[in-house]
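Need the 3D shape of this:
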Amino acid sequence: MPVILPVKDVLPKWGEDCYIAPNATLVGDVMMGNHCSIWFNAVIRGDVNSITIGNETNIQDGAVIHATYQKAATHIGNRVSVGHNAIVHGCEVKDNVLIGMGAIVMDHAVVNEYCIIAAGSVVLENMICESGYIYAGTPVKKIKPITEEQRALLNRLPDNYIMYAGWFDAE
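Take a look at the predicted model:
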């Protein structure tokens with residue numbers, strides 16, 4: 001069973017047909033949309049501020065979603081893929097974004113639509129990532145516009161994760 005705990009009497013909430021892995025952790029002020037998947041060892045900790053996650057978003061194995069007390073809530077849009085062991089903290093990630101494996105997105109950063117944050121990259125506090133680009137490095141730099149093939153990947157990846165989640169019993 002996943003660890004699902006209230007904080008100050010606030011329990012996480014999620015929409016229809018979500019998959020939450022048996023060892024995932026959701027606590028506190030977390031609101032998820034429909035058809036989301038939270039994978040093995042992922043932690044979504046809405047204890048110090050709110051976390052909102054849109055529809056058809058996947059939070060992959062070992063990822064950590066958190067916020068900053070009284071300063072920075074976390075907002076993740078629709079059809080976002082948060083890669084394995086990524087950290088998304090007190091920031092805004094808009095729709096159709098891929099946060100690569102092991103990447104870190106810090107407080108008050110904004111990752112706009114159709115961005116790819118490369119694996120292992122760090123998006124610094126207050127940075128704004130322009131829509132339609134690949135960002136890579138530590139700290140990230142705008143590398144180049146995404147290709148049509150990469151845009152297709154951003155559109156396809158959430159559907160893949162909805163399919164994968166269907167291989168397990170939905171919560």
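
tell me which element residue 96 falls in.
Using DSSP states H and E, residue 96 sits within no helix or strand.

correct me, but it touches residue 80?
Yes - counting by CB atoms under 8 Å, residue 80 is a contact partner of residue 96 at 7.2 Å. The way it works is simple: take the backbone N, C-alpha and C, and place the C-beta from them, glycine included.

what about the two, which has more around it?
Between residue 96 and residue 80, counted using other CB atoms under 10 Å, residue 80 has the larger neighbour count: 27 against 20.

now the helices for the chain?
Secondary structure of the chain (DSSP state H): helices located at 148-166.

residues in contact with residue 6?
With contacts taken as CB atoms under 8 Å, 6 or more residues apart in numbering, residue 6 has the following neighbours: 27, 28.

and with 10 Å instead?
Each residue near residue 6 by CB atoms under 10 Å, 6 or more residues apart in numbering is listed here: 12, 27, 28, 29, 47.

Let me know the closest of these to residue 129.
Closest to residue 129 out of those is residue 29 (25.4 Å), distances taken as CB to CB.

show me the contacts for the closest one.
Residue 29 is in contact with 6-8, 10-13, 45-52, 67, 73, counting by CB under 10 Å, 6+ apart.

mind redoing it with 7 Å?
Neighbouring residues of residue 29 by CB atoms under 7 Å, 6 or more residues apart in numbering: 7, 10, 46, 50, 51.

Please tabulate these in TSV, including the columns pLDDT.
Formatted as TSV, the contacts of residue 29 follow (pLDDT from 0 to 100):
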residue	pLDDT
7	98
10	98
46	98
50	98
51	98
